[in-house]
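S.K.: 3D model of this:
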Amino acid sequence: MVFIVEVRLIGFDDFDRSSIEKIKGAAQPLIDEFGRIFGGENIQEFKIAADTLRKKREKYLYEVIGSFNTTLGSFKAKKSGWNLMSVIDEVIDNLERQIIEKKEMQKKRRKLPANA
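M.R.: Model prediction:
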């Protein structure tokens, strides 16, 4: 099942439409995974912000912050690196790990006896 959530991109004004769609496409599996586990109606906002920290010759050092806000809590990840798409993938992977950990914690809580 595909869940429709607008991915807000901040700091991507200088990128072409194709790159922006590629970034949003990279985020879609995370949105679908969260929706499958917890329900898409619990997603409030998904935001990816990028900033250029410095330039070395013709390459840029990027910092990317991902923020995934839901009714079940907020998930945040921050990474930096020279390849923007790799950094975005790392941020999304980190957010996915946090979501899976949340799911596992909820499973453990349900298994605890009521008077524990």
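
S.K.: average model confidence for the helix or strand Glu21 falls within?
M.R.: Using DSSP states H and E, Glu21 sits in helix 17-38. If you average the pLDDT over helix 17-38, you get 90.

S.K.: buried stuff in that helix?
M.R.: For helix 17-38, a neighbour-count test (16 or more other C-beta atoms under 10 Å) marks 23-24, 26-28, 30-31, 33-35, 38 as buried. In this view, the C-beta of every residue, glycine as well, is placed from N, C-alpha and C.

S.K.: residues touching Leu9, list them.
M.R.: Residues counted as contacts of Leu9 (C-beta atoms under 8 Å, 6 or more residues apart in numbering) are 20, 23-24, 47-50.

S.K.: between those residues, which is closest to Ile65?
M.R.: Closest approach between the contacts of Leu9 and Ile65, by C-beta to C-beta: Ala49, at 4.8 Å.

S.K.: tell me the confidence at the closest one?
M.R.: At Ala49, pLDDT is 96.

S.K.: my read: it touches Ile23, true?
M.R.: No. Using C-beta atoms under 8 Å, Ala49 is not in contact with Ile23; the gap is 11.5 Å.

S.K.: biggest helix in this structure, by residue count?
M.R.: Longest helix in the chain, counting residues (DSSP state H): helix 84-111.

S.K.: flag every buried residue along it.
M.R.: 84, 87-92, 94-96, 98-99, 102.

S.K.: what helices or strands is it leaning on?
M.R.: helix 17-38, strand 43-56, strand 59-70, strand 73-81 (3 or more C-beta pairs under 8 Å, 6 or more residues apart in numbering; DSSP states H and E).

S.K.: closest one of the buried residues of helix 17-38 to Asp13?
M.R.: Ile23 (12.9 Å).

S.K.: gap between the residue minimising distance to the centre of the chain and Lys107?
M.R.: Centroid-nearest residue in the chain: Ile92, 4.2 Å away (criterion: C-alpha atoms, centre = their mean). Taking C-beta to C-beta, to the nearest Å as the measure, Ile92 falls 23 Å from Lys107.

S.K.: and for Phe3?
M.R.: Using C-beta to C-beta, which is the criterion applied here, Phe3 is 22 Å from Lys107.

S.K.: same thing with Asp89?
M.R.: Per C-beta to C-beta, Asp89 is found 27 Å from Lys107.

S.K.: lovely, talk soon.
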